[in-house]
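Colleague: predicted model follows, preceded by the sequence.
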Amino acid sequence: MIEKMQEINLFSRMIIHRATKEYEIPTQHLDLLSQLLTHKEDLTPMCLSKIMGVNKTIISRIIDSLNKGGYIVKIKDPRDKRSYFVSITELGREKVNKIYNYYLSPIYELHRKLGEEDFSKLIYYIEKANKKMNQNKGEGV
């Protein structure tokens, strides 16, 4: 098992890019930007809170931080003056794309080198392992 662990360790070091100053962003900030990028419609803070499983107060702080950075904008709800929607800006889109291109480049290279069939098998087994490990969490293992 030690040899297998060393193989996993080597694979992890080769496949995972370390954060650099240019790509550093808190995980929840990136998650919020990603949610905005992947949803067709603008989202409310409450909706983001539910999607991300994060307290609305924390979502509000993240929104304020990203808004100050120019990555998102708040759009007042015309029907309810107390509420607003959040929309990603072009700067926010560029930031997410840069980060994902950086972090995913080793995955794209692996996909290219393995080929579609072997890469699909790898992903299948990773997903299967994740499900098993997630089940074990619920069982206290």
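Modeller: Nice, thanks for sending it over. Residues are numbered from 1 along each chain as shown.

Colleague: check contacts around the residue sitting nearest the centre point of the chain.
Modeller: In the chain, the C-alpha nearest the mean C-alpha coordinate belongs to residue 31, at 4.3 Å (CA atoms, centre = their mean). Each residue near residue 31 by CB atoms under 8 Å, 6 or more residues apart in numbering is listed here: residue 52. All C-beta atoms are positioned from the backbone trio N, CA, C, and that covers glycine.

Colleague: how about the strands in this structure?
Modeller: With DSSP state E, the ranges of strands along the chain come out as 72-76, 84-88.

Colleague: low-confidence stretches in the chain?
Modeller: Where the chain drops to pLDDT under 70, the residues are 136-141.

Colleague: what are the boundaries of the helices in it?
Modeller: Taking DSSP state H, the helices of the chain run over residues 2-15, 27-38, 45-52, 56-68, 90-114, 116-138.

Colleague: residue contacts, the closest residue to residue 17 other than its chain neighbours?
Modeller: Setting aside the residues directly before and after it, residue 17 is nearest to residue 103 in space (CB to CB, 6 or more residues apart in numbering), at 5.5 Å. When contacts are counted by CB under 8 Å, 6+ apart, residue 103 is found next to 16, 17, 23.

Colleague: before we move on, what about residue 110?
Modeller: With contact set as CB under 8 Å, 6+ apart, residue 110 has these partners: 15, 119, 122.

Colleague: compare these and tell me which is most surrounded.
Modeller: Of all those, the highest neighbour tally under other CB atoms under 10 Å goes to residue 119, namely 15 neighbours.

Colleague: separation between that one and residue 19?
Modeller: Summarising the geometry, the distance separating residue 119 from residue 19, computed by CB to CB, to the nearest Å, is 25 Å.

Colleague: how many neighbours does residue 105 have?
Modeller: Burial of residue 105 is recorded as 11 neighbouring residues (other CB under 10 Å).

Colleague: and the nearest residue to it once chain neighbours are set aside, its phi and psi?
Modeller: Taking CB to CB, 6+ apart, and ignoring the residues beside it in sequence, residue 105 has residue 17 as its nearest neighbour in space, at 7.2 Å. The phi and psi torsions at residue 17 (degrees, to the nearest 10) take the values phi -80, psi 140.
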